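K.L.:
Have a look; sequence and predicted model below, questions after that.
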Amino acid sequence: MGNQVQAGNFTGGEALKKLRANRANDVRDGFLRAWNSYKKYAFGSDEINPITLEPLTTRNGWGATLIDSLDTIYIMGLKEEFKDAADLVKKVNFGKNDGEPSKVFETNIRYIGGLISAYELSNDKMFLKQATALADIMLEAFDTPTGIPWQMWDVQTGKGSSESGPMTMNNLAEIGTYQLEFFRLSQLTHDPVYHKAAQRVYDVLLDRNQPKKGTTYSVPGLYPIFIDINNGKFLAGKPNLGGGSDSFYEYLIKTWALSGFKMQRSLDMWQESLKGIKKYIVTRGSDKKMYMGIGDDEGLDSISDTFTCFFPGTLALAARLLDDEETMELAHELLLSSYNTFSRMPTHIGPENFGFLPDGDDDSDLLLSQRNEIKKYGFYLERPYFLMRPEVIESIFYFYRITGDEMYADWIWKIWQGIKAHCEVEGGFAGLRDVRVGRKGGLIGKQESFVFAETFKYIYLAFTDPDVISLDDYIFSTEGHPFKRSIPFNGTF
């Protein structure tokens, strides 16, 4: 167990230093082009449609892109842009919304996380004040019979709901991705209320659900996706590492690390989950690469999504923290299949969803087109579009910083070239309808705030000096917001 995560030595030399500086500048220039369009056409709005240039309200009108981007702007040294953004953040009133309920999980990771990180980097107390004001409102969503939060919360009516399905349903990621932000907020405010609310979720989850063979929850630590917030019991949903589950597992190991290795329960839960993941979720494909599917002791569905591709990076971080060479090897194998979904495409950009054929399985259930793609790429494309998601880039970034191997930075550079060639438009960076054909296959007028918060940040940090936001000094939230590891924790706030 150690604090050192990053490689001790990175390749030196003046030529490489110059190349990396040029690449970092190129990424920053790309960010600025997108940011300036947002500023010109949609400043203060949640998003800009990068094709039509219209401002969009998608996250209650509080300025999701504005707040999610703050730490990236700061890290890139864009002082004037940071000041302009801060002036606007100061005026945001979280007590009013656009008439739509807030997705509590997204509000936490994009807004609260973005504000906390901006405060830690800049020491401007206004950010902490705004983070606390919003967290106090969102705490109301935890006022349920179990303390497990509503999925949706209307800040004006004070009513909770579910996005879809039964009224009191929520999912694993959206109940288990507060622990990092709320822990840090309790540290900064010296008020344990946030931390207690987030930890209560684990209390109930573990107390109300016992693993039992033949039931929805059959493997210890491999949790079903859907849960009833009224009784705290799992409803359905086969365990996986993709959307709806991903950041629950991510926050177990990261909260433990951020607490200075004090929160033992989080580590115990992580280690139990990892045993199940290694046994039932991870499998070798027909191309001999290791993939992450959807599974438990009843069997595996060989389908995956780009969300799962965060896992190699988080797994590598855990392996470094715990000095676990065997887990590091698995993380590397999973990285290769994740990057393969990008590198095998002519655009060097990967799909939203993909499927694979487990090694030794018969392919007769697959469509002819799927069989052909497996022969060509090693996997088949289930949803061929790309929405500028960061997960593959994020995992490669971790491997670059952990190993010091320039090959990983080169991988990220190739992806960045693909993004510039196929996604850049006047209003920033659009999505692609089909990564197999690129721009000519059509663009999607969507540029979520995570493009600024995560995608750009991880690309940029692959080319800065490795000491910039070092993994020895920071833990990244699931939205790519860095929190300092240096704030001590002795069990009280």
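P.N.:
It's in. Numbers count the residues shown, from 1 in each chain.
K.L.:
burial measure for Asp29, as a count.
P.N.:
The tally of other residues near Asp29 (other CB atoms under 10 Å) stands at 9. Placement of C-beta: from N, CA and C, glycine included.
K.L.:
what's the helix or strand for it?
P.N.:
helix 14-42 (DSSP states H and E).
K.L.:
That helix packs against which elements?
P.N.:
In terms of contacts (3 or more CB pairs under 8 Å, 6 or more residues apart in numbering; DSSP states H and E), helix 14-42 is packed against strand 47-48, strand 55-56, helix 79-89, helix 406-423, strand 428-429, helix 456-461.
K.L.:
So which bits of the lowest-mean-pLDDT helix or strand in the chain are buried?
P.N.:
Lowest on mean pLDDT, DSSP states H and E among the helices and strands of the chain sits strand 159-161, with a mean of 90. Neighbour-count burial for strand 159-161, with 16 or more other CB atoms under 10 Å as criterion, is recorded at Gly160.
K.L.:
Which SSE is immediately downstream of that strand?
P.N.:
Assigned by DSSP H and E, the successor of strand 159-161 is strand 169-171.
K.L.:
Might one say that Ile419 is in contact with Met388?
P.N.:
Yes: the criterion here is CB atoms under 8 Å, and Ile419 meets it with Met388 at 7.2 Å.
K.L.:
Mind listing the shared neighbours of those two?
P.N.:
In terms of CB atoms under 8 Å, 6 or more residues apart in numbering, Ile419 and Met388 are both contacted by the residues Phe429.
K.L.:
follow-up on the earlier one: what angle do the helix holding Asp29 and helix 79-89 make?
P.N.:
30 degrees (axes from the mean of the first three to the mean of the last three CA atoms, to 10 degrees).
K.L.:
Name the residues of helix 14-42 that come out as buried.
P.N.:
For helix 14-42, by 16+ other CB under 10 Å, it's 20, 23-24, 26-28, 30-32, 34-35, 37-39, 41-42.
K.L.:
again, but for stretch 259-274
P.N.:
Buried residues in stretch 259-274, defined by neighbour count with 16+ other CB under 10 Å: Ser259, Phe261, Met263, Ser266, Leu267, Met269, Trp270, Gln271, Glu272, Ser273, Leu274.
K.L.:
Same check on stretch 85-94?
P.N.:
Applying 16+ other CB under 10 Å to stretch 85-94 flags Ala85, Ala86, Val89, Val92, Phe94 as buried.
K.L.:
Make TSV out of those and add distance to Gly77 and pLDDT.
P.N.:
Formatted as TSV, the buried residues of stretch 85-94 follow (distance: CB to CB, whole Å; pLDDT from 0 to 100):
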residue	distance to Gly77	pLDDT
Ala85	14	98
Ala86	15	98
Val89	19	98
Val92	24	97
Phe94	29	95
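K.L.:
Tell me the one among these nearest to Thr403.
P.N.:
Ala85 (34.2 Å; CB to CB).
K.L.:
The nearest residue to Phe397 once chain neighbours are set aside and Phe226, how far apart?
P.N.:
Distances taken as CB to CB, 6 or more residues apart in numbering place Tyr458 nearest to Phe397, at 4.4 Å, with adjacent residues excluded. Noted for Tyr458: a distance of 30 Å to Phe226, by CB to CB, to the nearest Å.
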